[in-house]
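# sequence and predicted structure, then a few things I'm wondering about:
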Amino acid sequence: MQKSIKILSPCGILGYGFPEQSFLNAFHEKIHGIVVDAGSTDAGPHKLGANVSIVSRRALKKDLSIILENGLKHRIPVIIGSAGGAGAKTHVELTIEVVKEILAEQNTHARIGVIWADFKQQMIIDALEEGRITPLSVNIPKLTIQQILETKTIVAQMGHEPILKALKQRCDIILCGRSYDPSPFAALGIYHGMDPGLSYHLGKILECGALCAEPGTTKDSILGTLYKDSFTVQALNPIRQCTPTSVAAHTFYEKEHPFILLGPGFTLNLENCEFNEIEEGVIEVRNSQYKRDEEVRIKLEGARKVAYRTFVIAGIRDPLLIERLEAVEEEVLQQVRSYFTEISEEDYQVNFYHYGKDAVLGEQEPSPFLGHEIGAMFEVLAKTQELANSICANVRSTFLHYGYEGRKSSAGNLAFPFAPSDIEFGPVYEFSIYHLMRITQDPFLLEVMEV
Amino acid sequence: MVKLVEKAKILRSKNAGPFEITLDVLFDDKKAYEEVKNSGIISKESIAEIYNLSLADIHHLVYFDQALGIKITIARKISSGSPGDRDVYGAQQHAPLMNLEL
């Protein structure tokens, strides 16, 4: 067994970019692999539903070119988690295409392992009927067959197991479909015989790039080293430094519980972890405990189209209107409804947002509003784009000219920053599947290609 | 009166998946952390009141001594990015907690 395993994480999301020098600084020592997470559900269900990426193709290629060149030069594996953002077929295919383009440009060859994470609707229906599906948290409704049928793209988060298979098959580049964010990092540690608890905890920290350092950012590189009984993290850019607090704080990051982390087929218990600075800027972590679950459950993700949106942004400065804004909007809506009597009210929805007035927290806002202008946004969500456009145009013109009680500004109520004022947004999605599925065998398929 | 934001090193919110928002309060001073912890001011009841939620919507409220931190995870009324959602990343939900008086 190797004494230590060094893993380089270039950035928090592939395509977010990183200073090349930070990345190269890692190679002063022997590095065992470059692992980068490419995915997230943070930007909402749109990426998965619409099959689009979270970063531009240009940025994906720019980051990947540096990563692949150095990975191949040093003969170490490059592993990409949740390729293309949502890790579904289209996202992975785009990544394969870009990888091939780079290899051709660099006039080199590689063995690529692709691990698919897509699931057919029928597989999920079968699992539902066999009672193998449960909501992830208490506020998620039970899954129905209709919901599954309305969800075109379904993926599940893989653990480290299929990635281990690809490493054992000596792949130079491993492109994972949707994966549990820490899994590609953990896989490399586990492949080298390291403790799975430490490997996963390190993965949890590395997957966001240099966010665990101070000042934190997802757009810089970070180095993790696994030892037999501990791991360390350190920044690769001299302007940043890790501290016990910054690393412990990152353990906290974006999880529902501070020290119980649920992953595919295991539970990570970090309750007894210690965070110590053993050298300036080098933080050592111990006691990350991994426990295999009796039943292996993977997280399914699916997004379905729920509506089409058109929206308008405008400014309101007139204090007489601000004073009675909600009442005016209600009257505007009534007038729109009475104009479009032929359209069922169930086929569309109009929402008003008042930026500068409780827009972020909505009804959960505890502080009173104090201000002299409001950024007003309204959106129409409807069954078709044509319907959303038509209704939105009517809401806009009605609102603009509406003669509310006490009005003195009879020329218009809204200041539009853009012409045209109405913005056609396109389809809107929601996470229709966010459930756990019990499995008895690894459902993720590995495909190996020589390029 | 001292506000929570004056004592905490980090006070933030973020999605914990699309259906939950997690609020992190982290300290760099053990004494300050212990004071807040022992005061009982951050409780399921106080969070429910600040965020206009029912107690059942507060999924976790946990103190993690090693990190000198408190994590509170609450249910989203509308899942991230669905129609009607106001904060896709859940990154601006921490502000009301800043003004909690200690």
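That came through, no problem.
# mind jotting down where the strands sit in the stretch 301-450 of chain A?
A:348-355, A:374-382, A:422-439, A:445-450 (DSSP state E, counting those that start in this stretch).
# so what pLDDT did residue A:1 get?
Residue A:1 is assigned 50 on the pLDDT scale.
# burial measure for the closest residue to chain B within the stretch 51-200 of chain A, as a count.
Residue nearest to chain B within the stretch 51-200 of chain A (C-beta to the nearest C-beta): residue A:139, separated by 4.1 Å. Any C-beta I mention is one placed from the backbone N, CA and C, and that applies to glycine too. A total of 16 residues lie near residue A:139 under the criterion other C-beta atoms under 10 Å in any protein chain shown.
# in stretch A:368-388, what's buried?
A:374-382, A:385, A:387-388 (16 or more other C-beta atoms under 10 Å in any protein chain shown).
# for it, give the mean pLDDT please.
94.
# and it, how far apart are its ends?
Using C-alpha to C-alpha, to the nearest Å, one end of stretch A:368-388 lies 33 Å from the other.
# so what touches stretch A:307-315?
A:349, A:373-385, A:387-389, A:391-393, A:395-396, A:414-418, A:421-428, B:83 (C-beta atoms under 8 Å, 6 or more residues apart in numbering or on different chains).
# any residue of stretch A:8-20 up close to chain B?
No - for stretch A:8-20, no contact with chain B is found by C-beta under 8 Å from any C-beta of the partner chain; the gap never falls below 12.8 Å.
# list the buried ones in that stretch?
Across stretch A:8-20, burial judged by 16+ other C-beta under 10 Å covers A:8-19.
# same check on stretch A:74-82?
Applying 16+ other C-beta under 10 Å to stretch A:74-82 flags A:76-82 as buried.
# ends of that stretch, what's the gap?
24 Å.
# just the residues contacting that stretch, thanks.
Counting by C-beta under 8 Å, 6+ apart, A:14, A:27, A:31-40, A:67-68, A:71-72, A:87, A:91, A:95, A:163, A:167, A:171-179, A:181, A:183-185, A:187-188, A:207 sit against stretch A:74-82.
# for chain B, what is the nearest residue in chain A?
For chain A, C-beta to the nearest C-beta, closest residue to chain B: residue A:44, 2.2 Å.
# so what's that residue up against?
Residues in contact with residue A:44 (C-beta under 8 Å, 6+ apart) are A:429, B:18, B:80-82, B:85, B:88.
# mind checking which of those are in strands?
Mapping these onto strands (DSSP state E) picks out residue A:429.
# could you check how far the closest residue to residue A:360 other than its chain neighbours is from residue A:13?
Take residue A:360 and drop its neighbours on the chain: the residue closest to it by C-beta to C-beta, 6 or more residues apart in numbering or on different chains is residue B:92, 4.9 Å away. Residue B:92 sits 20 Å away from residue A:13, taking C-beta to C-beta, to the nearest Å as the criterion.
# and residue A:241, how far is that from residue A:353?
For residue A:241, the distance to residue A:353 - C-beta to C-beta - is 40 Å.
# tell me the centre residue of chain B?
Geometric centre of chain B, nearest residue: residue B:23, 3.2 Å, by C-alpha atoms, centre = their mean.
# is it fair to say it lies in a helix?
No - Residue B:23: not assigned to a helix; according to DSSP: H, G, I helix; E, B strand; the rest coil it is strand.
# residues in contact with the residue in chain B that chain A sits nearest to?
Proximity to chain A, evaluated over chain B using C-beta to the nearest C-beta, is greatest for residue B:81 at 2.2 Å. Taking C-beta under 8 Å, 6+ apart, we find residue B:81 in contact with A:43-46, A:429-431, B:18, B:88.
# in the stretch 151-300 of chain A, which spans are helices?
A:161-168, A:183-191, A:196-206, A:244-252 (DSSP state H, counting those that start in this stretch).
# angle of the second one against helix A:196-206?
Here the directions of helix A:183-191 and helix A:196-206 differ by 150 degrees (axes from the mean of the first three to the mean of the last three C-alpha atoms, to 10 degrees).
# same for helix A:183-191, what does it pack against?
strand A:5-9, strand A:33-37, strand A:78-81, helix A:161-168, strand A:173-176, helix A:196-206 (3 or more C-beta pairs under 8 Å, 6 or more residues apart in numbering or on different chains; DSSP states H and E).
# what of the first one?
Under the contact definition 3+ C-beta pairs under 8 Å, 6+ apart, helix A:161-168 sits against strand A:111-116, strand A:173-176, helix A:183-191, strand A:445-450.
# point to the helix or strand of chain A where mean pLDDT is at its lowest.
Least confident element among the helices and strands of chain A, by mean pLDDT, DSSP states H and E: helix A:244-252 (a mean of 87).
# picking up where we left off before, tell me the SS of the residue of chain A closest to chain B?
coil.
# leaving out sequence neighbours, find the closest residue to it.
Nearest to residue A:44 is residue B:81, by C-beta to C-beta, 6+ apart, at 2.2 Å.
# check residue A:191 too.
residue A:167 (4.6 Å).
# contacts only, for that neighbour.
A:77, A:174, A:187-188, A:191.
# over to residue A:71?
A:33-34, A:77-78, A:172-173.
# now for residue A:272, how many residues are close by?
Neighbour tally, residue A:272, other C-beta under 10 Å: 11.
# phi and psi next, for it.
phi -100, psi 20 (degrees, to the nearest 10).
# how much space between the closest residue to it other than its chain neighbours and residue A:189?
Once flanking residues are discounted, residue A:272 sits nearest to residue A:287: 4.5 Å by C-beta to C-beta, 6+ apart. Computed with C-beta to C-beta, the distance linking residue A:287 and residue A:189 is 16 Å.
# quick one, strands of chain B?
B:10-15, B:20-26, B:58-64, B:69-75.
# outside of the last one, which residues touch it?
Judged by C-beta under 8 Å, 6+ apart, the contacts made with strand B:69-75 from elsewhere in the structure are A:137-139, A:248-249, A:252, A:256-258, B:10, B:16, B:19-27, B:33, B:36-37, B:42, B:47, B:51, B:53, B:56-64.
# what does stretch A:188-200 give?
Contacts of stretch A:188-200 (C-beta under 8 Å, 6+ apart): A:1-2, A:5, A:7, A:32-33, A:35, A:77, A:79, A:160, A:164, A:167-168, A:182-183, A:185-187, A:202-203, A:226, A:228-231, A:261, A:263, A:266, A:268-269, A:285, A:288-290.
# gap between it and the chain center?
Computed by C-alpha atoms, centre = their mean, to the nearest Å, the chain-centroid distance of stretch A:188-200 equals 24 Å.
# and it, which residues are buried?
Buried-residue list, stretch A:188-200, by 16+ other C-beta under 10 Å: A:188-192, A:194-200.
# pull the CA atoms of it into PDB?
Extracted in PDB, the C-alpha atoms of stretch A:188-200 (Å, rounded to 0.1, in the frame of the first residue of the first chain):
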ATOM      1  CA  LEU A 188      -9.300   7.200  -6.100                       C
ATOM      2  CA  GLY A 189      -8.500   6.900  -2.400                       C
ATOM      3  CA  ILE A 190     -10.300   3.600  -2.000                       C
ATOM      4  CA  TYR A 191      -8.600   2.300  -5.200                       C
ATOM      5  CA  HIS A 192      -5.200   2.900  -3.500                       C
ATOM      6  CA  GLY A 193      -6.400   1.000  -0.300                       C
ATOM      7  CA  MET A 194      -7.200   4.100   1.800                       C
ATOM      8  CA  ASP A 195      -9.900   4.200   4.400                       C
ATOM      9  CA  PRO A 196     -13.300   4.900   2.800                       C
ATOM     10  CA  GLY A 197     -14.400   7.200   5.700                       C
ATOM     11  CA  LEU A 198     -11.300   9.500   5.200                       C
ATOM     12  CA  SER A 199     -11.600   9.100   1.400                       C
ATOM     13  CA  TYR A 200     -15.200  10.300   1.400                       C
END
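# who are the neighbours in contact with residue 15?
Just so you know, I chose chain A. With the criterion set at C-beta under 8 Å, 6+ apart, residue A:15 makes contact with A:38, A:53-56, A:59-60, A:62-63.
# wrong chain, I was asking about chain B
A:41-42, A:254, B:21-22, B:80, B:89-90.
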